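>>> sequence first, predicted coordinates after that:
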Amino acid sequence: MNSIESAILDLLEASSLPGIYKLMIKNLMGQMSREQKEELLKILFADQNNMQEIKKKKMAIYRKYEPLFDSMLEDLDQGKDVTLNPMILSFFKTDQEQKKSEKTNLKLDALKSSIPDITN
Amino acid sequence: MWIIDTVKSAAENIKEAITSKGWFSGLKEKASNTLNKVKTRAGKAWDAVKEGGSPWEKVKGVFKAFFSDVEKVETEEEKKKTETAKETGAVLKNMDSTAATGALLPALTGKDIEVPAVVNEVVGVAYDTAKTLDTDRKNTKQAKDGETMGVLARIADKIDPKKNPDKKALSDDEKKLAFSYGSKFAIALKAKYPDKNDFKKALDDFSKATENAPVGFHTFQTDTFKGLFKGGSMLDVFAPVINKLGFIEKGKILAGLASGGFLSDLKSGKVPETLLEATGTILPNTSEAQRTDLLKTAGQILAQRHIGLNFPTNEQLTNIVFAVDNKDLEELSNLFA
């Protein structure tokens, strides 16, 4: 087995490729041309990057909401008023500030693209 | 060699990303549980939340923001996976059919089981049908070379309960493609087993041969499979077919469906005249007698749900496939493609 084949097999199992393709690649590697193998390796690398990006975004959601839900559940278990939970109030403050800044950035981007000479 | 080290580190990263599915599903479950508890606590006040009014507004806002963030990232994930499958489809499209079928067989038979001829034949027909549909859609410029096979491979993953533990539905485009593929597959399998009894026997033998395999006929008889067609807009999905009907005919069909009249008639073995006429417009090459058989079989399938039979039997599937004329199946496939 050459280095490209071994690289493909290392990446394949954990990739997001459909099961049918994993089976085909595993069992038909010997019949593939070098170009096909190189192309597959490129796809698998790009897939790895894509899945890493998705994971980062999911982690960000996890970090943002998990403590909130825990705190709400604690309030509910202890019979406290959930509507007064300080984490919810601060969540909205941060969320609103974030949305405001995103809106401003969008406006700035639109302005920049409407004036091609401005690069920064 | 650098490539080996890079790949090993990449593979570790992906493994980590894949196992991360567990914690993310766990978070969604926690959100749903918390939401249920909050709703119970809030009681009627929860439904009465209006902009700027209720103290529950912010709590509701948290869940709204959470589910919106989740939907956004999952849509992006889905899109990227489909793109990857399409690109892979383009690379693997020209693999020899016999070799490709052979490569798929181990998944359809258990260990130490000799692959029965029927499994080889059915999988061969399934693979060749995918290739044909891919070529057709490429020729009509609906997709690039190999892309259709990539999407079909993704659909196959969603059918498998182990690969789709969240029971995610197909997108509307995937539903259309699944119907298009199904019609073409029916024609191809009918060509392989032109005698109705042989066709039914092939289905029976295929179910038997794959019953202990990781995937097989049983994979189509799960809640995961049923769930694939939930959500979205079925009216949109079926629009190409419904649009064949005239304005008045369409109105009558929608009214009959909305009132439940068609369903109760079909379940009791009656064939509503309006439906029989409409199927004549949709399936112009299928005789009235065959359309009557088709609707009666559909009625049986609907009725048997009450006794816990949630899926068509092999005999019913055979009746459906043989009731519809091949020209109409081809037309249906083209309409959905």
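Done, it's in. Numbering: from 1, shown residues only, chains lettered A, B, ... in the order given.
>>> hmm, the longest helix seen in chain A touching chain B?
For chain A, the longest helix by residue count, based on DSSP state H, is helix A:34-77. Yes: applying C-beta under 8 Å from any C-beta of the partner chain, one finds helix A:34-77 in contact with chain B at A:36, A:39-40, A:43-48, A:50-52, A:54-55, A:57-59, A:61-62, A:64-66, A:68-69, A:72-73, A:76. Heads up, the C-betas are built off the backbone N, CA and C, glycines and all.
>>> now do that helix: which elements does it pack against?
helix A:3-12, helix A:86-114, helix B:2-42, helix B:57-92 (3 or more C-beta pairs under 8 Å, 6 or more residues apart in numbering or on different chains; DSSP states H and E).
>>> by mean pLDDT, point me to the weakest helix or strand of chain B.
Across the helices and strands of chain B, mean pLDDT, DSSP states H and E gives its lowest value to helix B:2-42, namely a mean of 73.
>>> moving C-terminal of that helix, what's the next helix or strand?
helix B:44-47 (DSSP states H and E).
>>> residue B:38 versus the residue lying closest to residue B:27 once chain neighbours are set aside, what's the distance?
The spatial neighbour of residue B:27 that comes closest, neighbours along the chain excluded (C-beta to C-beta, 6 or more residues apart in numbering or on different chains), is residue A:62 at 5.5 Å. Going from residue A:62 to residue B:38 by C-beta to C-beta, to the nearest Å gives 20 Å.
>>> what does residue B:70 give?
17 Å.
>>> what of residue A:17?
Applying C-beta to C-beta to residue A:17 and residue B:38 gives a distance of 40 Å.
>>> and if you look at residue B:227?
Relative to residue B:38, and taking C-beta to C-beta, residue B:227 is found at 26 Å.
>>> residue B:83 now?
38 Å.
>>> settle it for me: which of these two has more neighbours?
residue B:38 (22 against 16; other C-beta atoms under 10 Å in any protein chain shown).
>>> wait, the more buried one sits on residue A:82?
Yes: taking contacts as C-beta atoms under 8 Å, residue B:38 lies within contact range of residue A:82: 6.1 Å.
>>> find the residues that touch each one of these two.
By C-beta atoms under 8 Å, 6 or more residues apart in numbering or on different chains, residue B:38 and residue A:82 have these common neighbours: A:72, A:76, B:59.
>>> close enough to count as contact, the second one and residue B:35?
No: using C-beta under 8 Å, residue A:76 is not in contact with residue B:35, being 11.0 Å away.
>>> more neighbours, those two?
Remark: of residue A:76 and residue B:35, residue B:35 carries more neighbours, 19 against 16, as counted by other C-beta under 10 Å.
>>> so who does that one touch?
Residue B:35 neighbours (C-beta under 8 Å, 6+ apart): residue B:63.
>>> quick check: the gap between it and residue A:68.
12 Å.
>>> can you check residue B:169 too?
28 Å.
>>> what does the stretch 151-300 of chain B put close to chain A?
Residues of the stretch 151-300 of chain B lying near chain A (C-beta under 8 Å from any C-beta): B:153, B:154, B:156, B:157, B:160, B:163.
>>> redo that, cut-off 10 Å
Those residues of the stretch 151-300 of chain B that sit near chain A, judged by C-beta under 10 Å from any C-beta of the partner chain, are B:151-158, B:160, B:162-163, B:214-215.
>>> that older thread, wait, the residue nearest to residue B:27 sits on residue B:22?
No: proximity of residue A:62 to residue B:22 does not meet the contact threshold set by C-beta atoms under 10 Å, at 11.7 Å.
>>> between those two, which one's more packed in?
residue A:62 (15 against 10).
>>> next up, the contacts around that one.
By C-beta atoms under 10 Å, 6 or more residues apart in numbering or on different chains, residue A:62 lies in contact with B:20, B:23, B:24, B:26, B:27.
>>> buried set for stretch B:26-36?
B:27, B:28, B:30, B:31, B:34, B:35 (16 or more other C-beta atoms under 10 Å in any protein chain shown).
>>> apart from its chain neighbours, what residue comes closest to residue A:37?
That would be residue A:4: by C-beta to C-beta, 6+ apart, it lies 4.9 Å from residue A:37.
>>> so what are the domain limits for chain B?
B:28-81, B:238-336 (automatic domain parsing).
>>> can you get me a residue count around residue B:139?
Count around residue B:139 with other C-beta under 10 Å applied: 9.
>>> returning to what we had before: which of the residues of the stretch 151-300 of chain B next to chain A sit farthest apart?
B:151 and B:214 (22.0 Å; C-beta to C-beta).
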